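A.B. asks: Kindly return the folded structure for what I paste below:
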Amino acid sequence: MNSTVFRRSTLPGLMTIFLLAQTLPCSAQIISIDATPSHVVNTFSPLYALGSTVDRVPSNATDTFFRPDQLKQILSAGWGMVSYRQNTELFVQAWHWNPRGEWSDRSGKGYFTGDATPTKEMIRHSYGYALQHRGFTRNGGTEFDGFSRLDDGDLNTYWKSNPYLTKAFTGEEDSTHPQWVVVDLEKKNDINAIRIAWAAPYARAYEVQYWTGTGDAMDEQDKGKWNKFEKGTVTDGKGGTVTLQLSSSPVSTRYVRVLMTNSSNTCDSHGAGDRRNCVGYAIKELYLGTVDERGDFKDILHHSPDQKQSLTYCSSVDPWHEPSDLYLAPDRMESGDQPGFDLFFTSGITRGLPAIVPIAMLYGTPEDSSAQMSYLKQRGYPIEYVEMGEEPDGQYMLPEDYGALYLQWATALHRVDPDFKLGGPVFQSVTEDIKVWPDARGRNSWLGRFLDYLKSHGRLGYLAFMSFEHYPYDGCDTPWANLYQEPELITHIMQVWRDDGLPPGLPLLDTETNDHGGEAAVDIFGALWLGDSFAGFLTAGGKATFYYHALPYSPPHPACANSWGTYHMFMVDKNYEIGQRTSQFFAAQLLTHEWAQPVDAAHKLFKASSDVKDADGHILVTAYPLLRPDGQWSLLLINRDRDRSHAVKIEFHDAESNAGPSFAGPISLVTFGKAQYQWHPGSKNGYADPDGPAVTSTVIGNRDALYLLPPASINVLRGKVE
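C.D. replies: Presented below is the predicted three-dimensional model:
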């Protein structure tokens, strides 16, 4: 090496550097930085651009997580603004953000509105209430919990659609927002008959359809189409229990849909006292199968009040519920605590910065959301953005339905404060455009159609930002090669959203993100991914990205046996107290304390290119150059080569001055890699050894200097440029 190395470390550390130096390639590899002032790709304040999240936690863990000694460790990661996540909508629950409030029915049930008036009593806990009229067996959030009322075997229960998607609330004909239920038989079966036990309100006009195509009707909606059964159209429905012979001969299909376009507008079992009870559609039970020559009906569905029932899906759910629907059990997130807003804002976890807060829209009411925002405003809590609902794509909601709710809620919230910055749709993680069943014009882009809905109503300005989530990897095992997919995955999906028609300059927020990869997330893999994804997002022009999640909740992922380490910076003991730090804690510190300057001031981000590649063309060293407010250039360098160190030469280029400056004088090099950290799997007993910290050294920069990047490491090279 041409530069002299001084380390603030032990003698073994010096020996490590010496040994690594022996593995250097014969010729230097180059990191080229475009430092042209007019080529800045993003300007951001790290306190607002590099954030974290607070999500629902087990009800018996909240008090521990928010203890001052625990928060001190959480805050030491250095994350800035916090995005509060709204988990109850994923589990088809109504959220009581304030336990105090009023029910719409005087008997103490119906639609709940939280109390908007602050009192001396602070809101410390809040919970979800299971919806009685649910039509999902499972969806993108409730994969293992709850069940549908469409085939639970109980004629005293029923599915009912969301009243806020009817003409009484949208001002549009019901046919503009058709509601539907889908039965998934899990494999193709011969179908020629359906029996529907209607509740009130029932459908006067509906159509029974079957799916053809190569794709999954729910998750690959652009790879097939819905077809009418030859005898499946009803225009004068009378309710009651109806058996329809759908075709002369059976049709082989996996999916059947009932599409409803005109309601009887009769009142459900909750009575005529509330107009929401008397709009939409309701079904007690569905039966599907065949009718023989004698007219005998054979039902092939499995009816049971659990996850073993035949799979059903629905377009929406009425948020009617009652006190007995409170879902609360220790040690379970799906029945856990959405930490109370007063606790959230006063505990210190927000650092006094404005926060992103959600409102419950898919399974809530405009009145309740308005009360929530009025409460927060009266408390004087600083709010940066308001997210509208949670993951409507995972709930299989059509974009026009989400748009109709969005406009109703936006109108109500702007009455509280016209300056609220509202946005969404808070997509669950995807890597390509979200496709939905095509509309009458053949359009199948979810986001494109949502934007068109806002435009057609003259309300595109109600969308102040676009938000989504990013969990890039499927499955429970994450091979090392997946690391090479970032930052291309995050930058690609951001371009997709732009191509869908997002207005230029509209802020893009990644409000919840992490590496879903089981044990890989807490091994050194998780640290390297974090650097590439967060810096890549900002390089692509994103406004702010938020680590999931700040609170050290570390359960196993229900689908993965090896995932005790996923989604957090700390391991915890059986009492939820912080134990060991994981790799992403150290990566967070490198981003927030070393790469960026931990101040609320403008940082200028530039682009860099790397010629460090393997034989397959994978870029092994990625680079993100940042000009900090203190005048130092800070270069985030990620060596994704698991087994080899790389010596790189840094070249700056300024096209405007035709200059090629270089690092000069003492340069700080901070390194965190597999030499400092290694995870040892063991389910809930997994641990790291060694377990950090990052190592700091000083190198002397000059035009010919080579900078050594150890295998599998995230590094920050920082100093002055001549």
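A.B. asks: any chance you could map the helices in the stretch 351-500 of the chain?
C.D. replies: 366-379, 399-416, 446-456, 488-499 (DSSP state H, counting those that start in this stretch).
A.B. asks: Kindly present these as TSV, with separate columns for mean neighbour count.
C.D. replies: Heads up, the C-betas are built off the backbone N, CA and C, glycines and all. Putting the helices of the stretch 351-500 of the chain into TSV (neighbours: other CB atoms under 10 Å) gives the following:
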stretch	mean neighbour count
helix 366-379	20
helix 399-416	21
helix 446-456	20
helix 488-499	18
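A.B. asks: Distance to Ser161 added to these, as TSV?
C.D. replies: Formatted as TSV, the helices of the stretch 351-500 of the chain follow (distance: least, CB to CB, whole Å):
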stretch	distance to Ser161
helix 366-379	17
helix 399-416	10
helix 446-456	18
helix 488-499	29
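A.B. asks: Mind putting these into a markdown table with mean pLDDT and distance to Lys72?
C.D. replies: Shown next, in a markdown table, are the helices of the stretch 351-500 of the chain (pLDDT from 0 to 100; distance: least, CB to CB, whole Å):
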| stretch | mean pLDDT | distance to Lys72 |
| --- | --- | --- |
| helix 366-379 | 98 | 24 |
| helix 399-416 | 98 | 35 |
| helix 446-456 | 98 | 40 |
| helix 488-499 | 97 | 31 |
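A.B. asks: Identify whichever of these lies nearest to Leu150.
C.D. replies: Among those, the nearest to Leu150 by CB to CB is helix 399-416 (18.4 Å).
A.B. asks: could you turn that closest one into PDB, dropping everything but the C-alphas?
C.D. replies: What follows is helix 399-416 as a C-alpha-only set of coordinates in PDB (Å, rounded to 0.1, in the frame of the first residue of the first chain):
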ATOM      1  CA  PRO A 399     -57.500   1.000  -6.400                       C
ATOM      2  CA  GLU A 400     -60.800   2.800  -7.100                       C
ATOM      3  CA  ASP A 401     -62.100   1.600  -3.700                       C
ATOM      4  CA  TYR A 402     -59.000   2.800  -2.000                       C
ATOM      5  CA  GLY A 403     -59.300   6.000  -3.800                       C
ATOM      6  CA  ALA A 404     -62.900   6.500  -2.700                       C
ATOM      7  CA  LEU A 405     -62.000   6.000   0.900                       C
ATOM      8  CA  TYR A 406     -58.900   8.200   0.500                       C
ATOM      9  CA  LEU A 407     -61.000  11.200  -0.700                       C
ATOM     10  CA  GLN A 408     -63.600  10.800   2.100                       C
ATOM     11  CA  TRP A 409     -60.900  10.600   4.800                       C
ATOM     12  CA  ALA A 410     -58.800  13.400   3.200                       C
ATOM     13  CA  THR A 411     -61.800  15.700   3.200                       C
ATOM     14  CA  ALA A 412     -62.400  14.900   6.900                       C
ATOM     15  CA  LEU A 413     -58.800  15.300   8.000                       C
ATOM     16  CA  HIS A 414     -58.400  18.600   6.100                       C
ATOM     17  CA  ARG A 415     -61.300  19.900   8.100                       C
ATOM     18  CA  VAL A 416     -59.100  19.400  11.200                       C
END
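A.B. asks: show me the contacts for Ala410.
C.D. replies: Met388, Leu422, Arg459, Tyr462 (CB atoms under 8 Å, 6 or more residues apart in numbering).
A.B. asks: Identify the farthest-apart pair in the residues you listed.
C.D. replies: The widest separation within the contacts of Ala410 (CB to CB) is 12.6 Å, between Met388 and Arg459.
A.B. asks: who's more crowded, these two?
C.D. replies: Using other CB atoms under 10 Å as the criterion, Met388 and Arg459 rank with Met388 on top: 26 against 15.
A.B. asks: Run through the bridge partners of the closest residue to the more buried one other than its chain neighbours.
C.D. replies: Of all residues not flanking Met388 in the chain, Gly424 sits nearest, at 4.2 Å (CB to CB, 6 or more residues apart in numbering). Beta-bridge pairing of Gly424 under DSSP bridges involves Met466.
A.B. asks: give me every residue that touches Gly424.
C.D. replies: Glu387, Met388, Gly389, Pro392, Tyr402, Tyr406, Leu463, Met466, Ser467.
A.B. asks: Noted, bye for now.
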